[in-house]
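**Q** Below are the sequence and a predicted model; questions follow.
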Amino acid sequence: MFIGTVVDRLPERIGDSLSWTVHKVAVGQTLRGSVDSFIPLVPGNLPGAGQIAAAHSPRAGPMMWWSSCEYDFELGKQYLIYARRTSDGRWTTGKGSGTKPLEEAAADLDYIATIPSAEPTGRVYGTVERTVLNPAGRTLPMSVPAADVQIAFVSGTNRLTVRTDLEGKLDVHVPPGVYSIAPIVSKTVRVYGAPSLTTVPARGCAPVYFSLTANGRIEGRVVRSDGTPAPRTSIDVVPADLASDERPDNFTTSPSGTTDEKGRFSIDAILPGRYVVAVNARSGPRLYSPYPTTYFPGVGRQDARIVEIGEGERKSGLTIVVSALAETTVSGTVVINGGPAVEATVTASPVDQRGILTDSVQTDSSGAFELRVLTGISYLIRAEIRTESGFRQAETVVIVDQRKKGLQLSIRP
């Protein structure tokens, strides 16, 4: 535990073309433990070979490794840093460690100053928040303090409880030990951020953070027009206030699920509010789920039935009827330098969902390709090949109902 100033940051290669960011810290005052006057702070332990291989794509070029727990330091700023040794002997910290800007660390410093004369207890402090729909924009979430929430501390046969204050904060001294710490809430509330076990050292600190979310649920089935189930189909719970031409992009306010082999779905962690429930609202139709975006009970957006969910409320018995789009193919050739582009990668993505890949193939020795697609959809067809000077590509837009054969994509060398 020390006070330090971040004086530099630079990328460090950790495998092939994968890098992470290392911060150099000038230590101004050591508060607990022993540390050099200048230390490197790394994002965590080095990722394993499997993780490095999974994160690396030879087509993507150099990549940065990062963690959602990585602390976002500012150059030239002073911090109170709670750090630990990594497996390679360096130092690391994170968002949940207690590290904070020095101007926000008055309470920590006051407590640290009492440690030499304190009774051999430990301090547990932190915040409990509740996720709700933002009143100013009910398609977005926001966090508010969770006041008067009971928190249980269990260590062996010992158990004690405390309540959060009006700002959702807790600050308690407990005997040293290993604790299970968790909010005491009903089954209609889901808890995130709960550590499985927390070690509270004598005369030491342990920060905790919890986020509470109402656990509303919607259950139902998706069936085709002939009554047979529609398995492997995406179901999205969409705020009713979302504009009809917008796709949901926030999983907190627009949770999703997938139907099972009998077409059944169950989606939980739904915040209190007004929703429409839809098939393929987020991702659009795909080959294994060839249904246009369809809203409960089987209609377009303008006729969708509103489903209201209260705090932790369950709604069941919804049935959505869908009609499948027919599968077909588009075919053509890819050329480069006036000849066939052999083993070029050709992909099809819906024009309005370019991040969703419908099909991908490689051209044959004559540069020919054939892609599986759905009728009634406009697709972006893209061809890409690697040359000595790098990747080169060509693309075109195809309305499947108007043209299916004889496409030609010409890649510039």
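**A** Thanks, I have the structure now.
**Q** Break this structure down into its structural domains.
**A** Dividing the chain into domains by automatic domain parsing, as the record does, gives the ranges 2-107, 118-214, 216-322, 327-411.
**Q** Output those in JSON lines, with mean neighbour count and mean pLDDT appended to each entry.
**A** (C-beta placed from N, C-alpha, C; glycine too.) Formatted as JSON lines, these follow (neighbours: other C-beta atoms under 10 Å; pLDDT from 0 to 100):
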{"stretch": "domain 2-107", "mean neighbour count": "15", "mean pLDDT": "80"}
{"stretch": "domain 118-214", "mean neighbour count": "16", "mean pLDDT": "90"}
{"stretch": "domain 216-322", "mean neighbour count": "17", "mean pLDDT": "94"}
{"stretch": "domain 327-411", "mean neighbour count": "16", "mean pLDDT": "91"}
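**Q** quick one: contacts of the longest helix that the chain contains?
**A** For the chain, the helix reaching the highest residue count under DSSP state H is reported as helix 106-114. Contacts of helix 106-114 from elsewhere in the structure, counted by C-beta atoms under 8 Å, 6 or more residues apart in numbering, are Met1, Leu31, Arg32, Leu80, Gly98, Lys100, Arg123, Tyr125, Asp171, Cys205.
**Q** Next, the buried residues of that helix.
**A** Of the residues in helix 106-114, those buried under the neighbour-count criterion (16 or more other C-beta atoms under 10 Å) are Asp108, Tyr111, Ile112.
**Q** Tell me the one of those nearest Asp359?
**A** When the buried residues of helix 106-114 are compared for distance to Asp359 (C-beta to C-beta), Asp108 comes out closest, at 55.4 Å.
**Q** any idea how far the closest one is from Gly98?
**A** For Asp108, the distance to Gly98 under the criterion C-beta to C-beta, to the nearest Å works out to 7 Å.
**Q** quick one: the strands in the stretch 1-150 of the chain?
**A** 2-15, 18-30, 38-42, 63-64, 78-81, 84-85, 91-92, 100-101, 122-134, 137-145, 150-155 (DSSP state E, counting those that start in this stretch).
**Q** which stretch among the ones you listed comes nearest Thr396?
**A** With C-beta to C-beta as the yardstick, what comes closest out of the strands of the stretch 1-150 of the chain is strand 63-64 (29.5 Å).
**Q** on that earlier part again, save the contacts of helix 106-114 as JSON lines, and put in distance to Ile218 too.
**A** As requested, the contacts of helix 106-114 are arranged in JSON lines below (distance: C-beta to C-beta, whole Å):
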{"residue": "Met1", "distance to Ile218": "47"}
{"residue": "Leu31", "distance to Ile218": "50"}
{"residue": "Arg32", "distance to Ile218": "50"}
{"residue": "Leu80", "distance to Ile218": "45"}
{"residue": "Gly98", "distance to Ile218": "39"}
{"residue": "Lys100", "distance to Ile218": "39"}
{"residue": "Arg123", "distance to Ile218": "42"}
{"residue": "Tyr125", "distance to Ile218": "37"}
{"residue": "Asp171", "distance to Ile218": "38"}
{"residue": "Cys205", "distance to Ile218": "42"}
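**Q** Among those residues, which one lies nearest to Thr199?
**A** Proximity to Thr199 was ranked across those by C-beta to C-beta; first place goes to Cys205, at 10.9 Å.
**Q** from what I can see that closest one touches Thr121, true?
**A** No: using C-beta atoms under 8 Å, Cys205 and Thr121 do not qualify as a contacting pair, with a distance of 11.0 Å.
**Q** Now for the spatially most central residue of the chain: which residues touch it?
**A** With distances taken as C-alpha atoms, centre = their mean, the chain has Phe251 as the residue nearest its mean C-alpha position (8.4 Å). With contact set as C-beta under 8 Å, 6+ apart, Phe251 has no partners.
**Q** Closest to Ser349 out of the buried residues of helix 106-114?
**A** Looking at the buried residues of helix 106-114 and their distance to Ser349, the nearest is Asp108, at 50.1 Å (C-beta to C-beta).
**Q** The residue nearest to the centre of the chain: what secondary structure?
**A** Secondary structure, DSSP: H, G, I helix; E, B strand; the rest coil: Phe251 is coil.
**Q** The strand or helix carrying Tyr179 to strand 122-134, inter-axis angle?
**A** Here Tyr179 is covered by strand 177-183, with elements defined by DSSP states H and E. Angle, strand 177-183 to strand 122-134, by axes from the mean of the first three to the mean of the last three C-alpha atoms, to 10 degrees: 20 degrees.
**Q** Each with direction, which strands does strand 177-183 pair with?
**A** Partner strands and pairing direction for strand 177-183 (DSSP bridges) are strand 150-155 (antiparallel), strand 198-200 (antiparallel).
**Q** what's it in contact with?
**A** With C-beta under 8 Å, 6+ apart as the contact definition, strand 177-183 has outside contacts at 124, 128, 146, 149-156, 158, 191, 194-200, 206, 208, 210, 212.
**Q** Of all the strands of the stretch 1-150 of the chain, which one is nearest Pro239?
**A** From the strands of the stretch 1-150 of the chain, taking C-beta to C-beta, the stretch that ends up closest is strand 137-145, at 4.5 Å.
**Q** Tell me how far the closest one lies from the chain's centre.
**A** In terms of C-alpha atoms, centre = their mean, to the nearest Å, the centre of strand 137-145 is set 17 Å apart from its chain centre.
**Q** Please name every helix or strand in contact with it.
**A** Contacts defined by 3 or more C-beta pairs under 8 Å, 6 or more residues apart in numbering; DSSP states H and E place strand 137-145 against strand 122-134.
**Q** ok now the strand it packs on, how far from the chain's centre?
**A** Here strand 122-134 is found 20 Å from its chain centre; the criterion is C-alpha atoms, centre = their mean.
**Q** Give me the sheet partners of it and which way each runs.
**A** strand 137-145 (antiparallel), strand 169-174 (antiparallel), strand 205-214 (parallel).
**Q** quick check: angle from that strand to helix 106-114?
**A** Orientation note: strand 122-134 sits at an angle of 170 degrees relative to helix 106-114 (the same axes, to 10 degrees).
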